[in-house]
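1. Structural data only, the sequence is not supplied:
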């Protein structure tokens, strides 16, 4: 049913369209051309579980640029086709939502493609979506209200099924790059580089910890190469101190060389036992000219030469 000005065989100008009983649309009030909504107008819904009404610009009956008012308090600017949002939209969410706003692309009323989502918490995600899930490359900014000293401020990388999984970069206070490498569910897992005050770790990570094989490179030129557990030297490894050109090779326990190991500094070499990181027990001393002998140590102190 159409109420308005009939010009020839079509209604033209301002008027009202009453939709049939099976339609979720109750009526349209606004400009009409060729018996269809054309121009500025407003559609009221009767049986929709989502919308109360929509107002904006219509063309040949299609929703060209319309603002939709939903029953849950959400307001969406954009367009819809067959009852679903399509293309670029801007949404302000209702009070019961976890989201504050979204601006970006949609398909079938779901976030799809590139967009910017702001959460009620103040967190922000900018990147790609697939059916409302963060998927593809994106950046997540943590709300300043939730950032503690040394905690993450921003993460960026590849998202899969709403989780940061793949190659990523993690940033902490003042934009400091804390990690670059593989992550699973937002945690460091796999090969990557952890940056810290005084150096970097290049190697394996497990459950967000520096654990596995790799190499510590220190700003003073020193390094450790080998196995670590939660950032501590643990197991076989090699430790170099540049100040005195000292190198230790052997088995480490909680960051300290224990058991059979080797020390050298360019002037002489020790192959023998260590305890608490010190020469302890018997060992072989080899000088730079190739001369060698056996000696004993206790708690790092020379005890004498063995026959």
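-> Alright, I've got the coordinates. What you see is a predicted model; the values in this text were computed from it and never measured. Numbers count the residues shown, from 1 in each chain.
2. Which residue comes closest to residue 292 once chain neighbours are left out?
-> residue 286 (4.3 Å; CB to CB, 6 or more residues apart in numbering). (C-beta placed from N, C-alpha, C; glycine too.)
3. Residue 178 is in contact with residue 193, isn't it?
-> No - using CB atoms under 8 Å as the test, residue 178 is too far from residue 193 to be in contact (9.7 Å).
4. circling back: can I assume the residue nearest to residue 292 sits in a helix?
-> No - Residue 286 is assigned strand when assessed by DSSP: H, G, I helix; E, B strand; the rest coil, not a helix.
5. so what strands line up beside whatever helix or strand residue 125 lives in?
-> Take DSSP states H and E as the rule and residue 125 turns out to sit in strand 124-130. Strand 124-130 has the following sheet partners, assigned by DSSP bridges: strand 110-119 (antiparallel), strand 133-141 (antiparallel).
6. Would you format the ones you listed as CSV with mean pLDDT, mean neighbour count and distance to residue 100 included?
-> Output for the strands paired with strand 124-130, formatted as CSV (pLDDT from 0 to 100; neighbours: other CB atoms under 10 Å; distance: least, CB to CB, whole Å):
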stretch, mean pLDDT, mean neighbour count, distance to residue 100
strand 110-119, 97, 18, 4
strand 133-141, 97, 18, 13
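7. Rank the helices and strands of this structure by mean pLDDT and give me the bottom one.
-> One helix or strand of the chain scores below all others by mean pLDDT, DSSP states H and E: strand 2-7, with a mean of 78.
8. Under the pLDDT cut-off, which ranges of the stretch 1-150 of the chain? List them.
-> Under the criterion pLDDT under 70, the flagged ranges of the stretch 1-150 of the chain are 47, 149-150.
9. can you give me the strands for it?
-> Using DSSP state E, counting those that start in this stretch, the strands of the stretch 1-150 of the chain run over 2-7, 10-18, 25-33, 36-45, 51-59, 62-70, 75-81, 84-92, 99-107, 110-119, 124-130, 133-141.
10. Quick one: residues contacting residue 210.
-> Each residue near residue 210 by CB atoms under 8 Å, 6 or more residues apart in numbering is listed here: 194, 201, 203, 228, 230, 231.
11. May I see the PyMOL selection of the buried members of those residues?
-> Of the contacts of residue 210, the buried ones go into a single PyMOL selection, burial set by 16 or more other CB atoms under 10 Å:
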select buried, resi 194+201+203+228
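12. returning to what we had before: will you turn the strands paired with strand 124-130 into TSV that also has distance to residue 93?
-> Formatted as TSV, the strands paired with strand 124-130 follow (distance: least, CB to CB, whole Å):
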stretch	distance to residue 93
strand 110-119	9
strand 133-141	17
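13. chain center to stretch 148-158, what's the gap?
-> 8 Å (CA atoms, centre = their mean, to the nearest Å).
14. Use 494 as the first number from now on
-> Got it, first residue is 494 now, which makes that one stretch 641-651.
15. buried set for that stretch?
-> Here stretch 641-651 shows 645, 646, 647, 648, 649, 650, 651 as buried, counting by 16+ other CB under 10 Å.
16. Nearest to residue 734 among the residues you listed?
-> Nearest to residue 734 among those is residue 645, at 32.7 Å by CB to CB.
17. my read: the closest one touches residue 634, true?
-> No - judged on CB under 8 Å, residue 645 makes no contact with residue 634 at a distance of 9.8 Å.
18. and the buried residues of stretch 641-651 as JSON lines, adding pLDDT, secondary structure and distance to residue 515?
-> JSON lines is the format used below for the buried residues of stretch 641-651 (pLDDT from 0 to 100; DSSP: H, G, I helix; E, B strand; the rest coil; distance: CB to CB, whole Å):
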{"residue": "645", "pLDDT": "90", "secondary structure": "coil", "distance to residue 515": "52"}
{"residue": "646", "pLDDT": "92", "secondary structure": "coil", "distance to residue 515": "53"}
{"residue": "647", "pLDDT": "94", "secondary structure": "strand", "distance to residue 515": "50"}
{"residue": "648", "pLDDT": "96", "secondary structure": "strand", "distance to residue 515": "49"}
{"residue": "649", "pLDDT": "97", "secondary structure": "strand", "distance to residue 515": "48"}
{"residue": "650", "pLDDT": "97", "secondary structure": "strand", "distance to residue 515": "48"}
{"residue": "651", "pLDDT": "96", "secondary structure": "strand", "distance to residue 515": "46"}
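19. Could you dump these into JSON lines with distance to residue 765 added?
-> Shown next, in JSON lines, are the buried residues of stretch 641-651 (distance: CB to CB, whole Å):
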{"residue": "645", "distance to residue 765": "46"}
{"residue": "646", "distance to residue 765": "49"}
{"residue": "647", "distance to residue 765": "50"}
{"residue": "648", "distance to residue 765": "48"}
{"residue": "649", "distance to residue 765": "50"}
{"residue": "650", "distance to residue 765": "47"}
{"residue": "651", "distance to residue 765": "49"}
